[in-house]
Every structure is written in structure tokens, then in C-alpha cells.
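> I need the structure of the sequence given here:
(chains A, B, C and D)
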Protein chains: 4
Amino acid sequence: MLREHEIEIRVRYPECDPMGLLHHSRVFVYFEMGRTELLRASGGNYRQLEEQGLFVVVVEARCRYYRPARYDDLLRLRTRVTRMSGYKIEHEYHLFRGEELLCRGQVTLAVVDRTGQVRPIPEAWQLEFSKEAGESANLRSEVQSE
Amino acid sequence: MLREHEIEIRVRYPECDPMGLLHHSRVFVYFEMGRTELLRASGGNYRQLEEQGLFVVVVEARCRYYRPARYDDLLRLRTRVTRMSGYKIEHEYHLFRGEELLCRGQVTLAVVDRTGQVRPIPEAWQLEFSKEAGESANLRSEVQSE
Amino acid sequence: MLREHEIEIRVRYPECDPMGLLHHSRVFVYFEMGRTELLRASGGNYRQLEEQGLFVVVVEARCRYYRPARYDDLLRLRTRVTRMSGYKIEHEYHLFRGEELLCRGQVTLAVVDRTGQVRPIPEAWQLEFSKEAGESANLRSEVQSE
Amino acid sequence: MLREHEIEIRVRYPECDPMGLLHHSRVFVYFEMGRTELLRASGGNYRQLEEQGLFVVVVEARCRYYRPARYDDLLRLRTRVTRMSGYKIEHEYHLFRGEELLCRGQVTLAVVDRTGQVRPIPEAWQLEFSKEAGESANLRSEVQSE
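Next comes the predicted model:
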């Protein structure tokens, strides 16, 4: 799986509240779009996962809001995998309008089967992640050794 | 099934748009709440229906908007069964704020099984409906004969 | 204003219901996106309109559903202006998955000012529409005269 | 302002996702309903606040999910004010189905004016809160002194 991915999102009219601002609950929908597209860009597909009987559930979600987004804003969401243990995945999200950071979130996921039983993170994801993480680590060590 | 039922709905903040008005798409969610509660008040339960493998799908939906609803308004939704044939149910909806009519809708439903195949309307519903319709018809004829 | 415009929409996870289908109320949000993008493609901007104190309200909305859309489907929405009188605009919407027609809707709009007073459709829109309609008419007559 | 308040919420069909579970983003809408009703039960009104040109914005939101809620569940949300400084209010939320805790959240709010400038928390709220907090403190010390 890719470590990081960016998508563009146009703020929809009914996503905004009477203040004219993107409702704070909606960023969690955007975050979900971010990780779905990161998975797709990595060659995976969340719908196929569900068809195999595996479901991703949210264990914890948080967001810190700095500036409001408004109707019709064209936003840029950066999604990054920050942790992948045997049973949990954590992503970090940065939502920008141009270069301006609007909010920053973290969401922790687990994988469950049809009965709701927690299942290990699919191996394919883990290997890819470690490989990429390893490459980044290598890259960093090269840079540092200069 | 009861022929008519009323519920109260408090307009939520993120259901309103930057104009400060209930977004027009949301009334269809209210209408669905109206028919769910009509079914519950009749002794039925939509969730149990789904557990038996029957699903209600919307075939047609329409609404005529007269006046806007606003954040925090306490509304009254009247749901009425207007037609029940072998394969279709039609409800009519009137959404009020006090005595003021805000909008009027109609939604036509069909029942499908897990494979998406159209199934006859559950018999229990039909009998109840005819019985009640019959009573109303009787009532009307009595009134008219006076 | 352009007479017709198409956009692509990816169905989001929380837009789908427990049946796994796009909830019927959501197509009205898609339709709104369709007319917003038609306006943008025509050189207009709905947000600017609101900043000038003009607001578009929905007078009537309807949709006929033929086939369900599912999570992660990439849909194509065609929006077409079908009527523009002094005080009303009507659009027609066709939502496709590939070549398959999923639903067809009509929405009638009016323009109001900050006080909720109905206002004539902005002249710029009307002229553009008539011009384009005229061109289409010419085009049709040429085709027919062959 | 009251320190704590409880409301009942019936899970709506389109609030649930293809897993049949309440979408994780929706609890933040429930939390908002919880604090709105706590304010109303305290004799205040959020809509009136907005009409005076004061708006409540979310600075930080988080939730820890333990068990999923399902369509048609009748839930109980307990909202409690946990902190009220000069510029920030923090609430804690516990969402239950029967006695079962489904999730626990915290949301931090600030008050801004029409220009987006941060404003002190309305004095009326602070006094009420201190008074109640004081009473609770008194109550606790009495209990402890027994």
C-alpha cells in the first residue's frame, strides 16, 4: 500500500451549515474518501474487500480544526498511513485550501469479519507498507549519511 | 396497517444549508421516518422485514415545496397510505410548522427480495389496509347518507 | 448558459444505506451538483450569485428510479435545462452507470432575494438560454431540411 | 447552564452504511443535538444566540468507538459540560443502547462573532456553570465528609 496520497474535494452545498461553513462532522466523510482513494491508488479496492467478507471499522477518530472551509471551496486532502500493527491501521489527514491548513485528523481502523470478530490486517497491506516504510527509512539513512 | 400517522421532527443544524433552510433533499429522509413510524404504530417493524429478507425500495419520489423550514423548527409530518396494489404502495406526506403547510410529497414503494426481484406487498399489510379503507369508506357513506 | 452538461460522481460509502444502495434522497444532492457545474461550465458561479444576495430555491423535485446505484460506482450525470420562463427554471437529470440509466429526475427552481421575495431569473441566463435554444432549433431545422 | 442532560435518539435508515451500522461520522451530529438540547433544557437557545450574531464553532472533536449502533436502535446520549474557561467549552458524550456503552466523545467549542473573531463565552453560561459546579463540589464534599 502507498504511504501517502492526495485527492481534491469540492465542498457541496448541503455539506455546509447555516453558518455557511463545512459542517465539522463532514471532514470524517472526506477522510474516508481519502483512505479509499489511497487504497485504490495502491491497486486495492475497498468494495472487493467487503465482497470477501472483510469490513473496516473505525475504532477512534479525532480532528483539530484551524480554519473553516466554505461552500464551493476546492480542497486538497492528504492522507498518510502512520501506523500499521497486526490489528490496527492509523491514518493521518491534512485538509488544505491552497497552502492553508484547515484541519488535521487521525483515524484508527480495525478489520472485522461478518460476525464482527476482529481480524488481522490483510497481509498484502502489511508487506507493502513495510516495504515502502523500509524504502523511506533507507532514503532517510542515505540522506543522513551524506 | 394504519392509514395515517403523525410524528414530530426537530430540524437539525447540519440538515440546513448556507441559506439557513432545511435542504430540499432532507424531506425525503423525513418522509421515510414518517412511513417507518406509521408501520411501527401499526405493530410492524421495518427492521424485522429486512431480517426476513424483504426490502422496501423507492420507485418514485416527488415533493412540492411551499415554504422553507428552518433550523430548530419543530415540525409535524403527516403520513398517509394512499394506494396499495399488489406490487406497489404509495404514501402521501404533509409537512407542517404549526398549521402552516411547508411541503407535500408522494413516494411510491415496491418490495424486493435479496436478489432484487420484485415481490408482492406482504399480505398482512394489504388486509389491514383494505379493512381500514373499508371502514373509512363505510364511515363516509354513513356521513353522506345523513 | 449551456443547455446541457455532464459530470462524473463516485458514490461515497455513507451515501449508501444498509441495503448497500445509494439512498434515494441522495440523488437530489447529485442533481444540485449537476446544475452547479452546468452553471460553472457556462461561466457563472452559484456562490457569487449568493454573494449578490440572490438565492436559488427548489419549488418542485421529482425522480423516477429504475435501477439502484451501489457504493463505489462511478456514475455519469447529465443535466439539461428544459424550461426557462421569467420566474422559473427547470432542469432534467439522467443518472447513468455506463450506458445503463439508473434514474431520471426533474427539479424546478425559483430565484429569491434575502427577504424571500421571488425575483426574475437573471437576464444573463435567459439570453444565453434563448440563444442556445435558438441555435439548437436552427440546427434541428437544418437537419430536417436535408 | 445545566451540567448534564440526556436525550433519546432513534437511528435513521440513511444514517447507516452498507455494513448496516451507524456511520462513525454521524455521532458528531448526535453530539451536537446533545449539547443543543442541554442548552435548551437550561433555558437557552442556540438559534437565538445566532440571531444575536454569536456562533459556536468546533475547535476539536474526538470519539472512541466500542460497539456499533444499528438501524432503528433507540439510543440514549448523555451530554456533560466538563470544562468552561473564558474562551472554550468542552463537553463529554456517552452514547448508550440500554446499559451498553457504544462510544464516548469529547468536543471543544469556541464562540465567534460574524467576522470569525473569537469571543468570550457568554457570561450567563459561565455563572450558571460555576454555580452548578460549585453545588456539585459542595455536594461531593458533603458526601465525602459523612
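> Okay, now the sheet partners of the longest strand along chain A, with direction.
The longest strand of chain A (DSSP state E) is strand A:100-113. Paired strands of strand A:100-113, with direction, are strand A:54-65 (antiparallel), strand A:89-97 (antiparallel), strand A:118-119 (antiparallel) (DSSP bridges).
> Select, out of those, the one closest to C:S42.
Ranking those by proximity to C:S42 (C-beta to C-beta) places strand A:89-97 first, at 24.3 Å. Every C-beta, even on glycine, is put in place using the N, C-alpha and C of the backbone.
> so how far is that closest one from its chain's centroid?
Computed by C-alpha atoms, centre = their mean, to the nearest Å, the chain-centroid distance of strand A:89-97 equals 6 Å.
> who touches it?
Contact with strand A:89-97 is made by A:27, A:30-31, A:34-35, A:38, A:63, A:67, A:69, A:73-84, A:101-110, A:121, A:125, as judged by C-beta atoms under 8 Å, 6 or more residues apart in numbering or on different chains.
> Kindly recompute the last result at 6 Å.
Contact with strand A:89-97 is made by A:31, A:34-35, A:73, A:75-83, A:102-109, as judged by C-beta atoms under 6 Å, 6 or more residues apart in numbering or on different chains.
> Same question for stretch A:17-28.
Contacts for stretch A:17-28 (C-beta under 6 Å, 6+ apart): A:11, A:15-16, A:61, A:63, A:68-69, A:103, B:13-14, B:16, B:18, B:20, B:71, D:25, D:28-29, D:55, D:58, D:61.
> picking that back up, report the mean confidence score over the longest strand of chain A.
When pLDDT is averaged over strand A:100-113, the result is 97.
> Report the backbone C-alpha coordinates of it in CSV.
Taking Å, rounded to 0.1, in the frame of the first residue of the first chain, the C-alpha atoms of strand A:100-113 are listed here in CSV:
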residue,chain,number,x,y,z
GLU,A,100,-3.7,27.0,4.1
LEU,A,101,-4.2,24.1,6.5
LEU,A,102,-7.8,23.9,7.5
CYS,A,103,-7.8,20.8,9.8
ARG,A,104,-5.8,17.8,10.8
GLY,A,105,-7.2,14.4,11.7
GLN,A,106,-6.3,10.9,12.8
VAL,A,107,-8.5,7.8,12.4
THR,A,108,-7.7,4.4,13.7
LEU,A,109,-9.2,1.4,11.9
ALA,A,110,-9.6,-2.3,12.6
VAL,A,111,-10.7,-5.1,10.3
VAL,A,112,-13.6,-7.3,11.2
ASP,A,113,-15.4,-10.3,9.6
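> The residue positioned nearest the centre of chain A: helix or strand, and which one exactly?
Of all residues in chain A, the one closest to the mean position by C-alpha atoms, centre = their mean is A:R35, 3.5 Å from it. In this structure, A:R35 sits in helix A:27-41 according to DSSP states H and E.
> dump the residue contacts of the residue nearest to the centre of chain A.
So A:R35 contacts A:79, A:91 (C-beta under 6 Å, 6+ apart).
> how does it look with 10 Å?
A:1, A:5, A:46, A:56, A:77, A:79-81, A:89, A:91, A:93, A:107, A:109 (C-beta atoms under 10 Å, 6 or more residues apart in numbering or on different chains).
> Likewise for A:V58?
A:V58 makes contact with A:28, A:31-32, A:107-110, D:21, D:23-25, D:27, D:63-65, D:68, D:103, according to C-beta under 10 Å, 6+ apart.
> which one is it nearest to, not counting chain neighbours?
Nearest non-adjacent residue to A:V58, counting by C-beta to C-beta, 6 or more residues apart in numbering or on different chains: D:H24, 4.1 Å away.
> how close does the one you found sit to C:V29?
For D:H24, the distance to C:V29 equals 20 Å [C-beta to C-beta, to the nearest Å].
> For these two, indicate the residue with more neighbours.
More neighbours surround D:H24 than the other of D:H24 and C:V29, with 26 against 20 (other C-beta atoms under 10 Å in any protein chain shown).
> pLDDT at that one, what is it?
For D:H24, the model assigns a pLDDT of 98.
> Give me the lowest-pLDDT entry from the contacts of A:R35.
In terms of pLDDT, A:M1 ranks lowest among the contacts of A:R35, with 75.
> quick revisit: any idea which of the contacts of A:R35 has the most stuff around it?
Neighbour counts for the contacts of A:R35 peak at A:T79, which has 28 neighbours (criterion: other C-beta under 10 Å).
> counting contacts, what elements does the strand or helix carrying it pack onto?
Following DSSP H and E, one finds A:T79 within strand A:74-84. Contacts defined by 3 or more C-beta pairs under 10 Å, 6 or more residues apart in numbering or on different chains; DSSP states H and E place strand A:74-84 against strand A:4-10, helix A:27-41, strand A:89-97, strand A:100-113, helix A:123-145.
> out of those, deepest packed?
Mean neighbour count (mean count of other C-beta atoms under 10 Å in any protein chain shown) peaks for helix A:27-41 among the helices and strands packed on strand A:74-84, with a mean of 22.
> Just the mean pLDDT for it, thanks.
For helix A:27-41, the mean per-residue pLDDT is 96.
> relative orientation of that helix and strand A:100-113 in degrees?
Helix A:27-41 runs at 70 degrees relative to strand A:100-113, counting by axes from the mean of the first three to the mean of the last three C-alpha atoms, to 10 degrees.
> so how far is the longest strand of chain A from its chain's centroid?
Relative to its chain's centre, strand A:100-113 lies at 5 Å (C-alpha atoms, centre = their mean).
> hang on, isn't A:Y46 packed against A:T36?
Yes. Using C-beta atoms under 10 Å, A:Y46 is in contact with A:T36, at 5.3 Å.
> Overlap in contacts, these two.
With C-beta under 10 Å, 6+ apart, A:Y46 and A:T36 have common neighbours A:56, C:13, C:71-72.
> circling back: just want the angle from the strand holding A:T79 to strand A:89-97.
Angle of strand A:74-84 versus strand A:89-97, following the same axes, to 10 degrees, is 160 degrees.
> Can you list the strands that strand A:74-84 pairs with?
strand A:4-10 (antiparallel), strand A:89-97 (antiparallel).
> Send over it as CSV, restricted to the C-alpha atoms.
Extracted C-alpha coordinates of strand A:74-84, given in CSV (Å, rounded to 0.1, in the frame of the first residue of the first chain):
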residue,chain,number,x,y,z
LEU,A,74,-11.8,23.2,-3.9
LEU,A,75,-9.9,21.4,-1.1
ARG,A,76,-6.9,19.2,-1.2
LEU,A,77,-6.8,16.2,1.3
ARG,A,78,-3.5,14.5,2.0
THR,A,79,-3.9,11.0,3.6
ARG,A,80,-0.9,9.3,5.1
VAL,A,81,-0.6,5.8,6.7
THR,A,82,1.2,6.5,10.1
ARG,A,83,0.9,3.1,11.8
MET,A,84,0.2,-0.4,10.8
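> And it, how far out from the chain middle?
Counting by C-alpha atoms, centre = their mean, strand A:74-84 comes out at 5 Å from the chain centroid.
> Check stretch A:16-33 too.
Distance of stretch A:16-33 from its chain centroid, counting by C-alpha atoms, centre = their mean, is 16 Å.
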